[in-house]
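In: make a model of this:
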Amino acid sequence: MTKILPILLAGSALAFTACGKNTSETSEVAKTDTTKAPVETKAPNTNYKPAFAGQTRIGGVKSRTAYEGKVLTSELKNPWGITSLPDGRFIITEKSGSMRIATTAGALSAPIAGIPKVNSDGQGGLLGIRLDPAFEQNRMVYWVFSESLPEGNLTAVAKGKLAADEKKIEGATVIYRATPAYKGTLHYGGRIVFDKDGNLIISTGERSDKVTRPQAQALNSSLGKVIRITKDGKPVAGNPFQGQANAKPELYSYGHRNVQGLAFHPVTGDLWEVEFGPRGGDELNRIQPGKNYGWPTITYGIEYSGEKIGAPIQQKEGMEQPVYYWDPVVSPSGMTFYNSDRIPEWKNNLFIGGLSSMHIVRLVIENNKVVGEERLLEDEGQRFRDVTQGKDGALYAVTDQGRLYRIDKK
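Out: Numbers count the residues shown, from 1 in each chain. Take a look at the predicted model:
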């Protein structure tokens, strides 16, 4: 299950192997080589021109350090979010509504009781998860889920206390609901992170359908937004739209399609996100408070049918350009910046789970620009749903097919 397979076999059908690695046996760390051809070789869906050089299809890079991806377990059920416990174990959400604890050896707990019911239809379910920064004192857990109400479904945020025996969540309470509700089952967003001040950053989707899309541009709607709230679910003082008429005070940025990745840069402290485009136009953005990220007015993608979206235009004054975009899509989900010394050449690189692309994206970022891209574990045949850095400094990833990977130097 855990033997290492050389990447020299790329192109072979290795979808069911347990692990993959690169071919280099040297641990020498050299300056990033960005002269290689882009990793994407398929034709784009559009002939849209990027706004600046390097906004898409940047030169490829190759890790010089030998690494391996080791399967710790294949027994998860549609895992969606993963985060570390203080002792190095993980708490993992499963789409159907369960939380499980996993050891670094891959042993899984029974499902944790006390979780409010989720609507797991479509893209809904039990989604992103984080621990309170003071978890060792208060044992509080925060998570995002899709909730059914009489008027429709919505993205909700809840909190509760992990019992001392780790068998249940005590006092689970919904602290925030992204309104309006809608009778659809797509584009809930669902990631959650804590900022340096102990506030929650939450992502939502615009619920996909053409009738709801315009709400991504509406400041009186929580759909298609990045949201900043306190641990009690209240708007954070100083949010960019606080006090503005007809605007929700919890909004932090807007004009998003379906944000499933959030992470803070370990050096600059900047908030970064990835979001799904339609057919083409997946985006990586550096989030600044109060900014408009354009959807659905501007986009580098088209409808799944092949029709154009809107005008169509890719640039407009007052709307932010993505730092990077993909066409064809990678279907980006959970992500993390690497802040470990275990593989020095990966330091401060961004790692993103790819769903339809079935690999982990490694992006080298310098001065807020992407300068290199690599694909990891692309021979595994897995839909990578979330990626996190463990307490031991290794990367850990969960896949829709139920696997938990440890990714580290060989």
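In: contacting residues around stretch 109-118?
Out: Around stretch 109-118, the neighbours that count as contacts under C-beta atoms under 8 Å, 6 or more residues apart in numbering are 94, 96-102, 124-126, 145-148, 158, 160, 162-163, 166-170, 172, 174. Any C-beta I mention is one placed from the backbone N, CA and C, and that applies to glycine too.
In: what's the mean pLDDT across it?
Out: If you average the pLDDT over stretch 109-118, you get 98.
In: what residues sit buried inside that stretch?
Out: Buried positions in stretch 109-118, judged by neighbour count with 16 or more other C-beta atoms under 10 Å: 109, 111, 112, 115, 116, 118.
In: rewinding a little: just the buried members of the contacts of stretch 109-118?
Out: In terms of neighbour count (16+ other C-beta under 10 Å), the buried residues within the contacts of stretch 109-118 are 94, 97-102, 124-126, 145-148, 158, 160, 162, 166, 168-169, 172.
In: which one of the buried residues of stretch 109-118 is nearest to residue 199?
Out: Proximity to residue 199 was ranked across the buried residues of stretch 109-118 by C-beta to C-beta; first place goes to residue 116, at 22.3 Å.
In: my read: residue 190 touches residue 260, true?
Out: Yes - applying C-beta atoms under 8 Å, one finds residue 190 in contact with residue 260, separated by 6.4 Å.
In: please say which of these two ends up with more neighbours.
Out: Neighbour tally, residue 190 and residue 260, criterion other C-beta atoms under 10 Å: the higher count belongs to residue 190, 33 against 30.
In: excluding its backbone neighbours, what's nearest that one?
Out: residue 127 (3.2 Å; C-beta to C-beta, 6 or more residues apart in numbering).
In: same check on residue 382?
Out: Using C-beta to C-beta, 6+ apart and skipping residues adjacent in sequence, the residue nearest residue 382 is residue 399, 4.0 Å away.
In: show me what contacts that neighbour?
Out: Contacts of residue 399 were listed using C-beta under 8 Å, 6+ apart, and they are 79, 380, 382, 383, 384, 385, 405.
In: tell me the buried residues within those residues.
Out: For those, a neighbour count by 16+ other C-beta under 10 Å gives the buried set as 79, 380, 382, 383, 384, 385, 405.
In: and the strands in the stretch 201-350 of the chain?
Out: For the stretch 201-350 of the chain, the strands identified by DSSP state E, counting those that start in this stretch occupy 225-229, 251-254, 259-264, 271-275, 282-287, 324-326, 332-337, 350-354, in order along the chain.
In: can you put the ones you listed in JSON lines and add mean pLDDT and distance to residue 362?
Out: Rendered in JSON lines, the data for the strands of the stretch 201-350 of the chain read as follows (pLDDT from 0 to 100; distance: least, C-beta to C-beta, whole Å):
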{"stretch": "strand 225-229", "mean pLDDT": "99", "distance to residue 362": "24"}
{"stretch": "strand 251-254", "mean pLDDT": "99", "distance to residue 362": "25"}
{"stretch": "strand 259-264", "mean pLDDT": "98", "distance to residue 362": "13"}
{"stretch": "strand 271-275", "mean pLDDT": "98", "distance to residue 362": "13"}
{"stretch": "strand 282-287", "mean pLDDT": "98", "distance to residue 362": "13"}
{"stretch": "strand 324-326", "mean pLDDT": "99", "distance to residue 362": "13"}
{"stretch": "strand 332-337", "mean pLDDT": "98", "distance to residue 362": "11"}
{"stretch": "strand 350-354", "mean pLDDT": "99", "distance to residue 362": "6"}
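In: now those strands in JSON lines, with distance to residue 200?
Out: Written out in JSON lines, the entries for the strands of the stretch 201-350 of the chain read as follows (distance: least, C-beta to C-beta, whole Å):
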{"stretch": "strand 225-229", "distance to residue 200": "5"}
{"stretch": "strand 251-254", "distance to residue 200": "10"}
{"stretch": "strand 259-264", "distance to residue 200": "10"}
{"stretch": "strand 271-275", "distance to residue 200": "12"}
{"stretch": "strand 282-287", "distance to residue 200": "14"}
{"stretch": "strand 324-326", "distance to residue 200": "26"}
{"stretch": "strand 332-337", "distance to residue 200": "16"}
{"stretch": "strand 350-354", "distance to residue 200": "21"}
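In: out of these, flag the one nearest residue 85.
Out: Distances from residue 85 to each of these were compared using C-beta to C-beta; the shortest belongs to strand 332-337, at 16.0 Å.
In: quick one: the closest one to chain centroid distance?
Out: With C-alpha atoms, centre = their mean, to the nearest Å as the basis, the distance from the averaged C-alpha position of strand 332-337 to the chain average is 4 Å.
In: report the buried residues of that strand.
Out: Residues of strand 332-337 classed as buried by neighbour count (16+ other C-beta under 10 Å): 332, 333, 334, 335, 336, 337.
In: hmm, back to that, from the buried ones among the contacts of stretch 109-118, which land in helices?
Out: Filtering the buried ones among the contacts of stretch 109-118 for membership in helices, criterion DSSP state H, returns an empty set.
In: could I have the biggest strand by length in the chain exported to PDB, CA atoms only?
Out: Taking DSSP state E as the assignment, the strand of the chain that covers the most residues is strand 169-182. Written as PDB, here are the backbone C-alpha positions of strand 169-182 (Å, rounded to 0.1, in the frame of the first residue of the first chain):
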ATOM      1  CA  ILE A 169     -19.200  17.800  20.100                       C
ATOM      2  CA  GLU A 170     -20.900  19.500  23.000                       C
ATOM      3  CA  GLY A 171     -23.200  22.600  22.700                       C
ATOM      4  CA  ALA A 172     -23.100  22.900  18.900                       C
ATOM      5  CA  THR A 173     -24.400  26.300  17.900                       C
ATOM      6  CA  VAL A 174     -24.900  27.900  14.500                       C
ATOM      7  CA  ILE A 175     -23.300  31.400  14.800                       C
ATOM      8  CA  TYR A 176     -23.700  32.600  11.200                       C
ATOM      9  CA  ARG A 177     -25.800  32.000   8.100                       C
ATOM     10  CA  ALA A 178     -25.000  33.300   4.700                       C
ATOM     11  CA  THR A 179     -28.300  34.700   3.400                       C
ATOM     12  CA  PRO A 180     -30.400  34.600   1.300                       C
ATOM     13  CA  ALA A 181     -31.100  30.900   1.300                       C
ATOM     14  CA  TYR A 182     -31.700  29.300  -2.100                       C
END
